[in-house]
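>>> Test case, fold it:
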Amino acid sequence: MASRFFPGYPVHRVDWGFEIVHIIFWALLVAAIVWLVVWLVRAPYHGVFHEHVAPPPPSEDAALREARMRYARGEMTREEYLQVSTDLGGPQAPFSIPPQPPEAQEQQ
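Just a heads-up that it's a prediction; the model follows:
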């Protein structure tokens with residue numbers, strides 16, 4: 001049988017084996033795309049995606065925070081606070097308040 005577009009050349013028909021493989025391939029491809037869309041829609045509800053956020057920077061040490069609170073409540077003197085802060089590896093003076101002169105302390 002001659003081809004309509006190429007007269008004189010025989011038309012080779014492909015048997016059903018190739019057509020079945022072709023149909024199976026496209027069915028699997030469509031199924032994979034549908035599965036991917038369903039997975040992407042349902043993923044946030046199942047905790048698949050997590051926000052990858054860097055952990056917060058380490059805050060100051062709890063012992064330093066407690067020493068600062070005790071100093072703020074007046075339970076320790078400035079010299080004691082600076083000694084504790086230095087011993088714990090904290091800053092020498094976290095704030096710049098000049099020490100009170102001895103005369104001012106006696107008047108209060």
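>>> Spell out the residue ranges of the helices in the protein.
With DSSP state H, the ranges of helices along the chain come out as 16-42, 62-73, 78-87, 102-107.
>>> average pLDDT for the last one?
To tie it back to what came earlier, the one meant is helix 102-107. In this model, helix 102-107 has a mean pLDDT of 60.
>>> How about the first one?
Helix 16-42 shows an average pLDDT of 90 in the prediction.
>>> Stretch 82-92 too?
The pLDDT scores in stretch 82-92 average 79.
>>> Would you mind extracting the C-alpha trace of it into CSV?
The C-alpha trace of stretch 82-92 is given here as CSV (Å, rounded to 0.1, in the frame of the first residue of the first chain):
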residue,chain,number,x,y,z
LEU,A,82,31.3,43.6,88.1
GLN,A,83,33.2,40.8,89.9
VAL,A,84,30.5,38.3,89.2
SER,A,85,30.1,39.5,85.6
THR,A,86,33.8,39.2,85.0
ASP,A,87,34.0,35.7,86.6
LEU,A,88,31.1,34.5,84.5
GLY,A,89,32.7,35.8,81.3
GLY,A,90,30.3,38.6,80.8
PRO,A,91,31.2,42.2,79.8
GLN,A,92,33.2,44.2,82.3
